[in-house]
Every structure is written in C-alpha cells, then in structure tokens.
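1. Here is the input, now give the coordinates:
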Amino acid sequence: MNEPVIRPVEQLLSQVFDAEQRKTYADLSTYLESGGSIFPLVERGVRGLVRDYQLQPEDAQAFLRRANALAVFVRRQFIEHTLRGSATQLTRPDSGLLSMVNGPSFEQLFSPGFGDLCPPQALESIASPVAYLIELLRWIRDWIFAEAKEGKLDLHDRRQDLKRLQVDFSAVHQSISALDIIVPVLETFIEENKDKDTDLEDALITARYPNGLPYYQHWVTLDFAARQQGMSVGNFAHMVDLAYPYFLQPEAWDNDAGRALSHASRLGPYQRELLTQAPTPDVEKEREAYYLHNFGAGNLDWQNLNQVPFFGERTRLSAQDLEALLSIREFAPTRSAHVTYAASAPLAGDESQLSGSVYLNAAESPALSINFNGAALSHRLTEDPVRIDRYERMNRKLRLDQWLGLPPEQVDALLVAAINAEKRGKSPQFPWWISTHTVHAVGLFQSLRERYDCPAEDFAAFIDDLSLYGRGPVLSLFDRTFNSQGSYRQPLLLDKGLFTVLPGQGVTDLTVSQLCSGLNIDLQTYAYLAVVIARAHGLGDQLTRTPEVISSFYRLVKLPRLLGITPVEGGLMLTLLGGENWLNGLAGKPRIIERSDNDSVPDALNLIYALHSCVSWCRERDLPVQWVLQQVSPLQALAVASEAERSLFEQLRNLLPSALFSNAGLQAAGVPLQPGLDWLHFLGDLVDASGLIVNSSLPEADYLNFAREKLDQAIKDGLGEVDADTLASIGERMLNVLLQAREAQVSVARECLTVYTGLDAERALRVLSWAQSSVYQLLSQVLERAEREALEARASEQPDPLLSLLADLRRRSAVVSKLDLSARLLEDFLQYGHKAWIDQDDRHLLSMRTLYYLSVLTRAFELSQQPADKLLDYLRQVHALPGSISVDALRLAQQAAVQRLAAFFDWSVQEVRECVSRVGADDAILKTLSQLDLLMRIRVLAEHSGMDALTIFLLGTLPETVDKSAYAIAAERALLSISETLTPLVSFADEVPEPLVSMTCTVDKTEVVANKPADKIVLTVTLKDAADEALKGVYVYWQTTLGTVATSATDADGVLKVDYVPGKVMGREVPLFWLDLIDAQQAPPLQVLDDSATLDFPPSMMAQVPVDPVPAGLEVELYASLRDNYQNPGRHRPVRWNGESKDPSAVLVFRPVQSQTDAQGVTRVFVSSPTGGEFTITALSDASNRMVEFDAITFLAPTTR
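-> Numbering: from 1, shown residues only. So this is what the prediction gives:
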C-alpha cells in the first residue's frame, strides 16, 4: 500500500509549527491542508499573516523565511519547465545544402539543453554579477577576514551600508553616476562614526588637513550655480551694483568693486581667510598647533617636515611636483642673456628666489631647496621646520595652486606681480604675504582667464614688469616676445640705453624697429605709445631700454589685443574715460592701492576692469569700438568742406531767399511802405539785417506778446502816430508775415538737414538743438559764408565754425541713427532728462556716459513690446512728483510705479518690486537711468538663469567676509534654480493685479453759466485703496478746457471737494482727473451754458429795417443776437418770429418758418410779403420769454397788369 503524498507546503507547516501551534493557528492549517497556495501567503507578508490568520509576529517571520525559499524554488521550477523545449524539436535551415541533407549542427553535436537554463541576465544566474558579488563576499568572510591579524577592520564596519542594500534588477542593471554611489556611502559612514556633538559643516570648514580643505558646501553650491550660467559670483555682484559699470565712475571704482573681485576669484570666504590671515607667530606653541592643523603632523612629527618623503606624503606632492614648487633642477629659472643685471646680483646657482618660487622664499637668498646627498629617503629640505615662515607660505601656495589649477610658477608670477604692484601704492604691513588686494588681483585674473583665456604671465605683465627669467628650456617672456626670431638679427637688449621717442624723418632706430617687430605694431602705433609712455614715466624725448619702459609697451599692446581692440583704441578709450591720469596708470608703473578720498588715479586693477567692461558693453550693444570712440572724442572739424557740405550750402542758398523776411513781403501783405522806409531797420530784435528771424527761447505765447510789442513800436517809429485801429491792423499783418517767414525758414532748414543727416525732419531739428545751435544760427552762418570767404576758408588752416557745427551734427546724427533715438526722446532729454535721468548739468555734452545711458533707453525699448512713449511718460511723471508728499500718496506712487514698470517689461510685479526696493532711491521709486539699467540687468539675468530677483540679489550682495547665514540662504535659493529645463519668467500678463485705488467723482450739478460770478460746480472725489481704506493727502490733478479746477489733496477721509469755475467759452466737456502715476479717469460730463432766464436781444445787435418801402417780391434779411446778462450768446435757442399788420388781409412770409440761434447766438430770417402792407415784426425767445420788436417795415403790393 502506497503512503499518502504530503505536499511540500504541509511539510513546511509541520516543520515550523508544532502540533500545539498548528491548533492555535487553525485557520492557516485549514487553508494549507485544503490545497491553498503558498504564493498569496508570501505576498501578504508579516503584517498580512498577523492580520488575516492571527499569527504572532515572530512566528509569522519564521514561517515566511521558509515560505519565501519554497516560493522561489517552485517559481524557478515552473519557469524552467515552461522554457524547456522538446528534444525532437530541431530547427533546420530553410535554404542551402543543409536544407536538403542532414548535416552536423550545434544542437546535434552538443545537446546544450537551453531549456534547462535561466534567462539571460537573470539575477539567479550562476554567471550573473549578483552571483559574483555573493561569492566575493563569502570569499572575503572565509579566507581574508578569517586569516587577518590583529587590528583588522571588518568590511562591514567600513561599509556599514553594504548589508542594507537591496539587490534587485534595477540595482544590478541601472546606470547611475559615481557620485550617486559615493555620496550615500560617505553619508552612512559619517553618520555612523561622527561625534554627536560635532557639526559636519563646521568640521569641514575648520579642518585644514589634507590640503584640499577647507570645504564650504554653501560656497561650492553658489559657485556651481554661477558656473551653470557661465558666470562667477563676482559677476552677480557687478549685476546688482547700482554704480556698475565702473568705467562711468570718476575713479573706475566703487565700494563693491573689491568685493566683486574677491568673489570672481572663485575662492570661498574660508579659502580667502586662510590665504590672507596674519602670519603665525614664531612661538613653539603656536608653531606646533599650526603644523598639526595644516599638515596633520602632531606631537614631534612636525620636525620631520623637512624630510622630502614625509613632506611629500603630507602635501600629496610627488618628487617632481616638489621640484616644480621649489623651482629647482629641470624647473630652475634661467636668466635672459639679453639683460644687463646689476653688479650686486651675480649668477650663483639656482635663483628660484628671483623667479618661479619668489613668494615662498619671500625673495630672500639663499632660496629653499633640497639637499640630495645620500639615498632618496634621506633627502632633506634646506630649511628646518623650526623656522615656520617658508613652510607657512608653502602651505598657502600649495593650496592656491590646487584651487586655481595652475602650475606653481604661474601662480608665483601672479602673486609676485600683485605684491609688487601693491608695494608701489603703499608698503603693506606684511610685504610678502597674500593680502586682500592680492586676492582682488587673482579675481581679475580669473575673470580675464575665463573670458579671454588670458595667460598668467601676461596678466603678471599687465600689473608688473615682463618676466626676464625662463624656466628650464623655456625662454623668458621677454625673449620669446622680442628675441625669438632667430640669430639673423641683433637681439633687443635691456641695457638702460637710450632710444628716441619719435625718430626723425628717414632715420632708422634699431630699438624702435625691434619693438615694432616684437609687438607686431606699425610706426604710427609706436609713435602714439612712445609719447604716452614717455609722459607717464616722466621722460623727455629719450626713452630707456629698461624693464619698466619695455613692459609699458608690452602692456599697452597686449592688453587691448586681449580684449579684441587695437592698442591705439585702448589708449584712446582710457583717455576718453578718465583723461591722461587713467592712461598714465597703465602706461607708467602699475600700482594697486587702498582707496582713499585723495586718490584721483584708479589703480591698475580698476583700470583693466574698466577697459574690459567698456569693450564688453560695446559688444553687447553691437556698437563698434572705433565708432564709439569717434562719437565721444573731442570734435575735430576739417578746414575744407566736403561734397556733402557744399551740396548743403547750395541747397540752402537756393531755398532760403523765398523764405526771408523782407520789405517786399510786408508790402505784398498790405503793410504800407513809404519811400526810404526799411522795416528791417526797426525790427532788429525780431529780424536780422538779412531777413532771418532771430532765435528766441521764449515760450510761444510769450514770444507772440513780445513780437506784437516790438511790431507796434516799429510801426510808430516808421509811420509816426497812427490811430489804434490802424496800428492793430498793420501790426497783425506784420505779425502774420513774421510768423510765415519763421515757419518758412524752419521748413528750409528742416528739409536740408533731413537730406544732410539722413534723419527725419523732426529728429533733424532736435539734433540741431542738441548740438547747441538753432535754425537762425545755421542759416546766418550759411549766409555769411560768401564765395570769396569760402575760397579763403579752403586755403586756411583754421577750422570754419560752420564746418565745426556740421561735423558735430554728423556725429550726433550718427548716434541718433545708430541707437534709433526718437524725436520725443531727444526732446525730453534736452528739456529735463539730462539732469533728471543721468545727473548731467550740460544738456549738450556728448560723452561716454551720455552714450551709455542713451543706449540703456534703447535697450529698454527692445525688451518691451509696448510703445516707447509708455516709458518716456513714466519717466516724465516720476520727475514731476511733488517734493513733499504724504505717506499714503508715496505708497500709492510706489505701487503704481512698480506696476507700470512690470507692465512695460512684462515681468512679475513682485520681481520688479524686489528690484526697485534695492535701487537706492530715497522714496523707493525708480527715476534715473542707472536705476533702470539695474532693473534691466536683473530682468535679463533672471530670464537667462531661471533665478528670481531675490536670489540674484542674495548672490550679488554676499559679503566678502564670512556670514554663514547669508551664504546659507543664498545657496539654498540658488540650488532651487539649478534644473535641466529653464524656468520661464513670471509674466505680468499672467498676473491679475488688484486695482491700486478706487476713484469716484460726483458733482452737485451738471450745468453752470459762463462768465457768471460765483457760479460753480462742486466736484467731490473719493479715494480708497485696495483694502477700502481712505487715502489721505493724495493730490488730485485736473484737465479741463472750458473752466478751471485747482489741484488739491484729499482730506483725512480720503475726500476732496474742488470747485469747477467756468471760463468765457460755453460748451460741453468731460473733465479728466488723475493721481501721480495713475491713469486719468473721466468725471461726469458738464455743461457750460448761457443763463437762459436772462437771455435777451440787445438793440445794438439787431438788424436795421429798411427805411423805404420794400419793392414787391423782394426779401428783407432780419437778424438779432441773443445774449444773457453775462454776455454769453444764447446758442441754439429756438426763436419765434412774428409779424402783425393793421390790414387783416396782408400776408407776411418768414423763411425759414422755424428759427434757431447759431453758435454765435444770432437768429436770422428772410421776410417778404406777397400782398404788401406795413408790418411790425417781433422775435421771441422761448427760453427767457423775452421779445424784441423791430421798426415797422413796408412792403409794396405787386402791380396788376
């Protein structure tokens, strides 16, 4: 008899639980004994078993451990069974020889049994990475760790995260970066082993060993975020600085300029602190603490730092790296053979204290070297660690080399150049230690290096002298520049010999030729540079072949070329920006100085950055540097007119005669002209002897009054005493002729200037005003230029004033055309903008500052989709804000200004508010172009980087010194901006800003009588803000045409009551009222009317009736004027005409039958009688019920034939 088959799952149940437990867990036992599957139980997990079958957690875990194994086994068997193929199923080729006959195949020869294998890349494969990993761990456990000696370190102590890792398909096959692997490992290790009282961030900051530290996570984040935008944190500092760009500042410097350069060095605050801290006192306690902290050499180990192997191990330097650091052996400096050295400096072995390792040796001899006597392990540095200064400088230098990623000799050249330049300004307290100014120099070098790929040795020459030492087989920079053409020519020697600043005609100077050849410049460029350098060095007509002079030539050529401009353009740019002092700052001996109020010459760092930023601005605005320099250079007019000028003169002479004010023109207008009378003689204040209208700066209304006064006086002087009517008649005729002549002359100048300048008519006249001239001055100078004088002018060497004016017009027209300046912009700039926008007293000055800020306006127009007049209106309105303003009015103006700017630039109101709050204005309202420039810089940067305005300002205002809170906040916000997709700007159109103010206007009545004393309309304006709170002290402005309303401010309840006082003109009008920077609204419509109750027909304004009888068939015109008591005409009032006769059969006909007064209050009818008779005619006003009676009129009866 066969024994019953017990299912594996039932066996598992009996193995895990004893009989007592199986009774306790009856539900589970029943389920399995009735044929239940293991897989649902495994899927339930511990919690499911506890919940559904009431197992204890410990029992559930014990059961699941075996159940999991069983489930894996069963599933694997199932998979292998389903993948196992039949042995008879062999595939055969569909074509070829093997399709016709049986031949050998892999399956027949080897019978591989693919069906018994697991799928490729399966985790359970014995050849999978998982199997290898498990086997490796087993081998380590059984063979390595078991055989290890004392002091062994368990793998799982070092990798405490290892056992926690989950091995699944993703873990085995997913591609992830090494950083994603390393960081969790380090985090787990640090978390498990760190002291609970230790802050990890502080530990990384304070640690100095190994020499990759300190590590400041927030700075790394900030620098990375800036790098993502192709910038540095220093660039952000420039962007948020209101004084930027610095080339517009008198000293090319600002309080934040140094801070920006520090950040541009890409060195964090703790790195800069390490470099610039005061030297360690040479005291045993301080020395031991320093070596322990920076080299990890505790106890007496620091005494072994002079041992080359120990020093190399502590600094991670190889033997070759150490030799390069010390500039010895194959890295030893080599003197140039073409320099005459002082007798006190004989060549004696290595001179690393003079080149290559100057900083760490403090330029002192003997230089630090290595004693190579004995075996390699016994090599010693020649300086004992007891003397700490050189070891401390090496410590700083090694770290700086690593942070900058440059060879040691290049970093040394940078440091030495900066230190020497600083010594020229003021001797520092610690001459051969890195100072804050040295860090600034490194920051500027980093900027030029990243932007222009500037070599370190070139930058060193920009702020110091050319290097006269080579390194190993490499020649010195001096020799590579001037003496690398081979042996066919005589080398340039630095022997303090003299050479001429400007060689005579036909005279060849060898030194000049060598300079031109080495620097690749022509003689004209050399002549310009030589004069500049001689002046800067205080030399006369002779220059000396010294390192200082030759370095000046190198600096003035290489620096502009690095920036992409010519040497002459570089020198001219410095001169135009700051005068000769700026040019002398680089042409002479460069210096780095601590700013003080007495300094008028910027230091070398500021001058170099000024050149760089000016050239960058030209490129960003697509302005050729040569063109910019031409426009802002002092005006130079030729003495000979070109074809364009001659064409202008001819055109003006042809058109001008017909536009002149003349006696003939006056006579044609009806002005009497007596023999011998010349009206121009009496009108000298209005017209010159040639007939040109004299220019006047008076407003138009004042000019008309002035002209009438002068014309009346001229009439009296020319004709004697005349009656008032004659005087007025002649005066008006002469005034009309005067105004017509003025307009004609302006038209002639406008037309000719349009052709000459290439601008439209309105802009051409604005440019003429900008050039500090007028139509009268231009035309008078043209008339004065007679043919004979023109010939003399061609032969004269003195510039013609007219040609100077035209040259000025040409360059200003070029600016207007290039920047696309509108006539409205030019008008506003000349009227008030020169002072209000850019704080420039002279409205006619065209300087680099003027050109820059005009380009700022055009840049603003380009950034907006709205009309340019919107921004110009805004600037005019903020300029017109009252000086004294209430709190509510200021708050409302601030909100309105922000909202209008946000709408113009299509940017978030919050973002604009953030910018405006930081522009430095006392009232927090953007008013100047420098403030507008800052706003646009932030907007463009926000669009480019995906950062919001606050983040940009937080990055840009980071202090130079350590401020953990500021750095942490900025880093956190910067980190949010780093993403693969750029965050779009928040558009103003996407927002729905609430109305800033509620403005309501009511009136006590809508009609008022013109000219009536004390009659008025009371307008009541109520202002409330978005929170429905009253706005106090807010001025309300009015615009009316038929009356007047005084400007006034609201009371404590936000209410304003003002009187509308009518004028003399009647009609209907809708007053407009507005607030500062708030668009105008309409008040209720008002009617300025006549006084209907007092309308009457004045007898003096009635038609006279015919005295004689009127022939039959003829009409008589009758009219009457309707006037009230205030002399207002009764406009469009109905009037009833009536006629009465004693003869009842007489008929009187009125045409029209119904009459109405016209705009002058006149009613007019035509009367006739087909029957004849005598009639009394009356006119009745319906409005006032007043009637007027005309004298009797007799009409003759028609004759009967």
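2. Need the three-state assignment for the residue lying closest to Ser1092 once chain neighbours are set aside.
-> Excluding the flanking residues, the one nearest Ser1092 by C-beta to C-beta, 6 or more residues apart in numbering is Ala1183, at 4.1 Å. Glycine gets a C-beta too; all of them are placed from N, C-alpha and C. The three-state label given to Ala1183 by DSSP: H, G, I helix; E, B strand; the rest coil is coil.
3. Surely Ala1183 and Leu1095 touch.
-> Yes: assessed by C-beta atoms under 8 Å, Ala1183 is found in contact with Leu1095 at 5.3 Å.
4. More neighbours: which of these two?
-> The neighbour comparison of Ala1183 against Leu1095 (other C-beta atoms under 10 Å) goes to Leu1095, with 24 against 18.
5. who touches that one in this structure?
-> 1122-1124, 1130, 1133, 1181, 1183-1184, 1186 (C-beta atoms under 8 Å, 6 or more residues apart in numbering).
6. ok, now how distant is Leu1118 from Phe1175?
-> According to C-beta to C-beta, to the nearest Å, Leu1118 and Phe1175 sit 11 Å apart.
7. Filter the contacts of Leu1095 down to the buried ones and express that as a PyMOL selection.
-> Remark: buried members of the contacts of Leu1095, expressed as a PyMOL selection using 16 or more other C-beta atoms under 10 Å:
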select buried, resi 1122+1123+1124+1130+1133+1181+1183+1184
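8. one step back: find residues that contact each of Leu1118 and Phe1175.
-> Common neighbours of Leu1118 and Phe1175 (criterion: C-beta under 8 Å, 6+ apart): Val1167.
9. What is the burial count for Gln777?
-> 17.
10. need the strands for the stretch 951-1100 of the chain, in chain order.
-> For the stretch 951-1100 of the chain, strands defined by DSSP state E, counting those that start in this stretch occupy the ranges 997-1003, 1007-1009, 1017-1025, 1035-1039, 1043-1044, 1048-1049, 1055-1062, 1067-1069, 1072-1075, 1078-1082, 1086-1089.
11. which of those strands sits most buried?
-> Mean neighbour count (mean count of other C-beta atoms under 10 Å) peaks for strand 1086-1089 among the strands of the stretch 951-1100 of the chain, with a mean of 21.
12. if we can go back for a sec, which residues touch the residue nearest to Ser1092?
-> Here Ala1183 is in contact with 1092-1093, 1095, 1130, 1133-1134 (C-beta under 8 Å, 6+ apart).
13. hmm, which two among the residues you listed are most spread apart?
-> Farthest pair in the contacts of Ala1183 (C-beta to C-beta) is Ala1093 and Pro1134. Separation: 15.4 Å.
14. on that earlier part again, got the strands of the stretch 951-1100 of the chain as a markdown table, with mean pLDDT and distance to Lys163 columns?
-> Output for the strands of the stretch 951-1100 of the chain, formatted as a markdown table (pLDDT from 0 to 100; distance: least, C-beta to C-beta, whole Å):
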| stretch | mean pLDDT | distance to Lys163 |
| --- | --- | --- |
| strand 997-1003 | 95 | 68 |
| strand 1007-1009 | 94 | 96 |
| strand 1017-1025 | 95 | 65 |
| strand 1035-1039 | 95 | 77 |
| strand 1043-1044 | 94 | 92 |
| strand 1048-1049 | 94 | 78 |
| strand 1055-1062 | 95 | 79 |
| strand 1067-1069 | 93 | 90 |
| strand 1072-1075 | 95 | 73 |
| strand 1078-1082 | 93 | 70 |
| strand 1086-1089 | 94 | 90 |
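15. export the ones you listed to JSON lines and tack on distance to Ala968?
-> Putting the strands of the stretch 951-1100 of the chain into JSON lines (distance: least, C-beta to C-beta, whole Å) gives the following:
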{"stretch": "strand 997-1003", "distance to Ala968": "40"}
{"stretch": "strand 1007-1009", "distance to Ala968": "68"}
{"stretch": "strand 1017-1025", "distance to Ala968": "37"}
{"stretch": "strand 1035-1039", "distance to Ala968": "46"}
{"stretch": "strand 1043-1044", "distance to Ala968": "61"}
{"stretch": "strand 1048-1049", "distance to Ala968": "47"}
{"stretch": "strand 1055-1062", "distance to Ala968": "50"}
{"stretch": "strand 1067-1069", "distance to Ala968": "62"}
{"stretch": "strand 1072-1075", "distance to Ala968": "43"}
{"stretch": "strand 1078-1082", "distance to Ala968": "41"}
{"stretch": "strand 1086-1089", "distance to Ala968": "63"}
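16. now for these, which one comes closest to Leu857?
-> Closest approach to Leu857 among those (C-beta to C-beta): strand 1078-1082, 22.2 Å.
17. low-confidence ranges in the stretch 801-950 of the chain?
-> Of all residues in the stretch 801-950 of the chain, none has pLDDT under 70.
18. Ala641 is nearest to which of the strands of the stretch 951-1100 of the chain?
-> strand 1035-1039 (49.8 Å).
19. contacting residues for Arg451?
-> His612.
20. which stretches of the stretch 851-1000 of the chain form helices?
-> Listed in chain order, the helices found in the stretch 851-1000 of the chain under DSSP state H, counting those that start in this stretch are 868-879, 887-905, 909-916, 929-945, 949-956, 964-976.
21. Out of those helices, which gets nearest to Asp180?
-> helix 964-976 (17.0 Å).
22. could you give the angle of that closest one to helix 929-945?
-> With axes from the mean of the first three to the mean of the last three C-alpha atoms, to 10 degrees applied, the angle from helix 964-976 to helix 929-945 works out at 50 degrees.
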